[in-house]
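**Q** Sequence first, predicted coordinates after that:
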Amino acid sequence: MFQKLSKYFRPLPPYIGHRISRRSCSDASLLRSKHKRPRRALFYVPGSDQRKLNKVFSLALDTVAFDFEDGVAYNKKQEARENVVRLLTERDFGSTERVVRINHPDSEFYSDDLDAIKSVLDRVDAIFIPKVETASQIEHIGCLLYTSDAADD
């Protein structure tokens, strides 16, 4: 099943979601690699909060997670999408990883989230899909994100 899903998503760096043994931590070459580094500072930002979005650039963050889900009120969902897309388009994040947390796949908002992300997909390092229950939900989102791009070309 992993191979089936891997065509849609880039593999996670090894320090995310994996146990780290003492032996692997002693290998300094792993820690120096650009893609294999520990994440020390993760900042969740509601996409609708302009003050917090601006604060991202004054902090030394390893990862910033733009939230479209629980951190955003129902009447602010569209504003959150517009703010995050504008920020990802206009600003340089340097080495800070950019994650977008979309709404649950069964919610009424998630397809709008995916439509917004498509335009800046090359500027997003990961998509956080909350409350996933089946692999088919992930596969479906991957199809929506990537297959329509190929059809548009």
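**A** On my side now, so go ahead. Residues are numbered from 1 along each chain as shown.

**Q** Please enumerate the strands of the protein.
**A** Under the criterion DSSP state E, strands of the chain are mapped to 42-46, 63-67, 97-101, 126-128.

**Q** Lowest mean pLDDT among the helices and strands of this protein, which one is it?
**A** Ranked by mean pLDDT, DSSP states H and E, the weakest helix or strand in the chain is helix 22-26, scoring a mean of 41.

**Q** any idea how far the residue nearest to the spatial centre of the chain is from residue 126?
**A** Closest residue to the average C-alpha location of the chain: residue 99 at 2.4 Å, with Cα atoms, centre = their mean. As for residue 99, its distance to residue 126 is 5 Å (criterion: Cβ to Cβ, to the nearest Å). To be clear about C-beta, it is placed using only N, CA and C from the backbone, and glycine gets the same treatment.

**Q** Run through the chain and note the low-pLDDT ranges.
**A** Residue ranges of the chain with pLDDT under 70: 1-37, 147-153.

**Q** ok, back up a step: who does the residue nearest to the centre of the chain form a beta bridge with?
**A** Assessed by DSSP bridges, residue 99 has beta-bridge partners residue 65, residue 126.

**Q** I am assuming it contacts residue 127, so please confirm or correct that.
**A** Yes. In this structure residue 99 lies within contact range of residue 127 using Cβ atoms under 8 Å: 7.3 Å.

**Q** how long is stretch 68-80 from one end to the other?
**A** Using Cα to Cα, to the nearest Å, one end of stretch 68-80 lies 6 Å from the other.
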